[in-house]
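> any chance you could fold what I've pasted below:
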Amino acid sequence: MRSVADNQKHLFLLACMFQRVFALSWAIAALVAGMSGIVLGIINGINVHDLSAIGLKVFPVVILGGLDSVGGAIIGGIIIGLLETFTGGLFVAHHFRDVVPYIALVFHSSHKTLGLFG
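Residues are numbered from 1 along each chain as shown. Have a look, this model is predicted:
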C-alpha cells in the first residue's frame, strides 16, 4: 500500500495491479468505519436527530480545514468548536450557536475568493 501511495506511475510501468490495492484500502476503510459506527451506536444509542446535527457540523469543519489535509481538518474542528462554545455562552439565543460554523464558512470563503489568505 505504501509503494502504491508513493509512486503509482512506476508501479503502472511494472504492470502491478494497483487497482486491487486501491479496492482493498477502500474496503478496509469501510470495514473500520462500519465497525466503529456499530460500537458507537451500541455505547451511545442511536438517535437520528443527533446524527444529522453532527453530520451538518462536519461540513464547515472540513471546508475550513481543507479537503486534503487531516491536520487542517483537526484545526478546523478546534476552531469551530471554540466558536460554538464562545457564542453559546455570550448570546441569549441558544440556537445562534448552530449558525456560527456556517457564518465562519461564509467569511472563510469570501476571504479566499478575494485572495486575502493566499
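> how about the one residue sitting closest to the centre of the chain: what's its closest non-neighbour residue?
For the chain, the residue nearest the mean C-alpha position is residue 62 (4.2 Å; CA atoms, centre = their mean). Counting by CB to CB, 6 or more residues apart in numbering, residue 73 is the residue found nearest to residue 62 once chain neighbours are left out, at 5.6 Å. The C-beta positions use only the backbone N, C-alpha and C, and glycine is treated the same way.
> packing partners of the host helix or strand of that neighbour?
Assigning secondary structure by DSSP states H and E places residue 73 in helix 70-90. Contact partners of helix 70-90 among helices and strands, from 3 or more CB pairs under 8 Å, 6 or more residues apart in numbering; DSSP states H and E: helix 48-65, helix 96-114.
> could you list the low-pLDDT ranges of this structure?
1-6, 8, 10-16, 18, 90-93, 111-118 (pLDDT under 70).
> again, 50 this time
114-118 (pLDDT under 50).
> in the helix holding residue 73, what counts as buried?
Buried residues in helix 70-90, counted by 16 or more other CB atoms under 10 Å: 73, 76-77, 79-80, 83-84, 87.
> need the max-distance pair from those residues.
73 and 87 (21.0 Å; CB to CB).
> so what's residue 96 up against?
87-88 (CB atoms under 8 Å, 6 or more residues apart in numbering).
> can you give me the angle the helix holding residue 73 makes with helix 96-114?
Inter-element angle recorded for helix 70-90 and helix 96-114: 130 degrees (by axes from the mean of the first three to the mean of the last three CA atoms, to 10 degrees).
> okay, now residue 64: neighbour count?
21 (other CB atoms under 10 Å).
> name the nearest residue to it, ignoring sequence neighbours.
residue 76 (3.9 Å).
> surely the one you found touches residue 59?
No. Assessed by CB atoms under 8 Å, residue 76 is found out of contact with residue 59, at 10.6 Å.
> how close does the residue lying closest to residue 71 once chain neighbours are set aside sit to residue 101?
Spatial nearest neighbour of residue 71, excluding adjacent residues (CB to CB, 6+ apart): residue 65 at 7.9 Å. Going from residue 65 to residue 101 by CB to CB, to the nearest Å gives 12 Å.
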